[in-house]
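Participant: turn this into a model:
(3 chains)
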Amino acid sequence: MEEQVVVLAAVTVLAVLQQAYFSLQVIYARRKFSVSPPVVTGPPAFERIFRAQANCSEYFPIFIAVLWTSGVFFSQGLSSVCGLLYLYGRFHYFHGYSEAAQQRLAPLYFSARVLWVLIGFSVLGVFLSFCRVYLQVDLLTELGSALGLD
Amino acid sequence: MEEQVVVLAAVTVLAVLQQAYFSLQVIYARRKFSVSPPVVTGPPAFERIFRAQANCSEYFPIFIAVLWTSGVFFSQGLSSVCGLLYLYGRFHYFHGYSEAAQQRLAPLYFSARVLWVLIGFSVLGVFLSFCRVYLQVDLLTELGSALGLD
Amino acid sequence: MEEQVVVLAAVTVLAVLQQAYFSLQVIYARRKFSVSPPVVTGPPAFERIFRAQANCSEYFPIFIAVLWTSGVFFSQGLSSVCGLLYLYGRFHYFHGYSEAAQQRLAPLYFSARVLWVLIGFSVLGVFLSFCRVYLQVDLLTELGSALGLD
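Facilitator: Here you go, the predicted structure:
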């Protein structure tokens, strides 16, 4: 069991560390631009950093949910690679958005595409699992037999 | 193990797809009402869609947490049915809120009630599990015996 | 398996109940200060309560992710104690922030420190698990041997 999820756990911890890093950037921006809580509006440069962090936070639970669904029901290896690519995209999104709203777009589209791949893996993994559990059909084995791979 | 969680995983994937759908609606609303990031205020019609999506996002991790706690410790079947009802309620909440703030209320109360049922199942499931693990008492079996069901 | 996670599940349910409590406080504050959705700005007393809840919601999935990673890969007992301390800190954060922005700081720093401890446990637990799975080395046993504890 442990070996089937430990890499997913490592990617999860990395994602948490990234969120902590983004939160610290907002704290620094609050000091730099003198925007004290509970105020969340201010100079555009502050608002971009604030929104970048808020957007990453909003997607964090969705990312974790598909990372684990895809990793447990489809493939830990492929999901973890996608997870790292997603975090890479989010890092560039955050720093791009901090510079200019326009610069958030390319890494945002990249992250969104990676997230769709993880959603696709999750759908496929859950579908294959449904077939095994409720139809007693292992489609991957059937496919292998049909292709003469066994 | 797989058969005990695969339906929960399917509901989770559906919940992620719903969040993706809501996010797309916000993107379309930003274009329609010309509200460019990082701005999050604008015409009331935009703000309602923005807040509807933000509220659903905020509840997403809470929903996933009780869906799985309830599903693993109490009943996968009952939890999954509640999960689908919750997503149904959220769909109507989102579209109601998009029309008028008043129209968000009925589906919001419905979703909240379903969430409380999931919380109740979770509390009950964890309590029964505590009794099994720490008191070596299986309350469901005891109840069955007391009622002469075995 | 059940006995290895049931306390984590109990802390998770408690965290969900706390989030429900915070959400109710926002609803009461909306009524008290007459701030109807989708508006999220108003008197500072309302904005503090709104931001307190938003901040707790934002950290909820991060907290749940490290609570479980730390609890499954390191120690359920230590993680659950940290989890309860975190929820205790968040309770005082919410009520401190409701009174004055300044009063949110001490419990916020306390919660943040507990979260870092959970992150530390998660990193350590995942690292030890990696060593067991990919290097076939159980560092805790090795350490015990080296110290003559076995």
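
Participant: the helix or strand encompassing A:Gln19 close to chain B?
Facilitator: Here A:Gln19 sits within helix A:2-32, counting by DSSP states H and E. No - residues of helix A:2-32 contacting chain B under C-beta under 8 Å from any C-beta of the partner chain: none, with a closest distance of 10.6 Å. Quick note: C-beta positions are derived from backbone N, CA and C, even for glycine.

Participant: for that helix, enumerate the helices and strands it packs against.
Facilitator: With contacts taken as 3 or more C-beta pairs under 8 Å, 6 or more residues apart in numbering or on different chains; DSSP states H and E, helix A:2-32 sits against helix A:44-73, helix A:76-99, helix C:44-73, helix C:105-134.

Participant: between those, which one is nearest to B:Phe91?
Facilitator: Nearest of the helices and strands packed on helix A:2-32 to B:Phe91, taken as C-beta to C-beta: helix A:44-73 at 16.8 Å.

Participant: now do the buried residues in the closest one.
Facilitator: Within helix A:44-73, the residues that count as buried by 16 or more other C-beta atoms under 10 Å in any protein chain shown are A:46-73.

Participant: which parts of chain A sit against chain C?
Facilitator: Residues of chain A lying near chain C (C-beta under 8 Å from any C-beta): A:2-3, A:6, A:9-10, A:12-13, A:15-17, A:19-20, A:36-40, A:54, A:57, A:60-61, A:64.

Participant: could you give the angle of the lowest-mean-pLDDT helix or strand in chain A to helix A:105-134?
Facilitator: Sorted by mean pLDDT, DSSP states H and E, the helices and strands of chain A end with helix A:139-146, the least confident at a mean of 86. Helix A:139-146 and helix A:105-134 meet at an angle of 80 degrees, taking axes from the mean of the first three to the mean of the last three C-alpha atoms, to 10 degrees as the criterion.

Participant: touching, A:Gly77 and A:Val5? I think so.
Facilitator: No - using C-beta atoms under 8 Å as the test, A:Gly77 is too far from A:Val5 to be in contact (12.0 Å).

Participant: list residues touching both of those two?
Facilitator: Residues touching both A:Gly77 and A:Val5 (C-beta atoms under 8 Å, 6 or more residues apart in numbering or on different chains): there are none.

Participant: give me the more crowded residue out of these two.
Facilitator: The residue with more neighbours, out of A:Gly77 and A:Val5, is A:Val5; 20 against 10, by other C-beta atoms under 10 Å in any protein chain shown.

Participant: and the more buried one, what does it touch?
Facilitator: By C-beta under 8 Å, 6+ apart, the contact list for A:Val5 reads A:68, A:71-72, A:76.

Participant: for the helices and strands packed on helix A:2-32, give me a markdown table that also has mean pLDDT and distance to C:Leu85.
Facilitator: Output for these, formatted as a markdown table (pLDDT from 0 to 100; distance: least, C-beta to C-beta, whole Å):
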| stretch | mean pLDDT | distance to C:Leu85 |
| --- | --- | --- |
| helix A:44-73 | 96 | 22 |
| helix A:76-99 | 97 | 28 |
| helix C:44-73 | 96 | 11 |
| helix C:105-134 | 96 | 5 |
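
Participant: in contact with the one residue sitting closest to the centre of chain A, which residues?
Facilitator: For chain A, the residue whose C-alpha lies nearest the mean C-alpha position (C-alpha atoms, centre = their mean) is A:Phe63; its distance is 3.6 Å. A:Phe63 makes contact with A:15, A:83, A:86, A:115, A:118, according to C-beta under 8 Å, 6+ apart.
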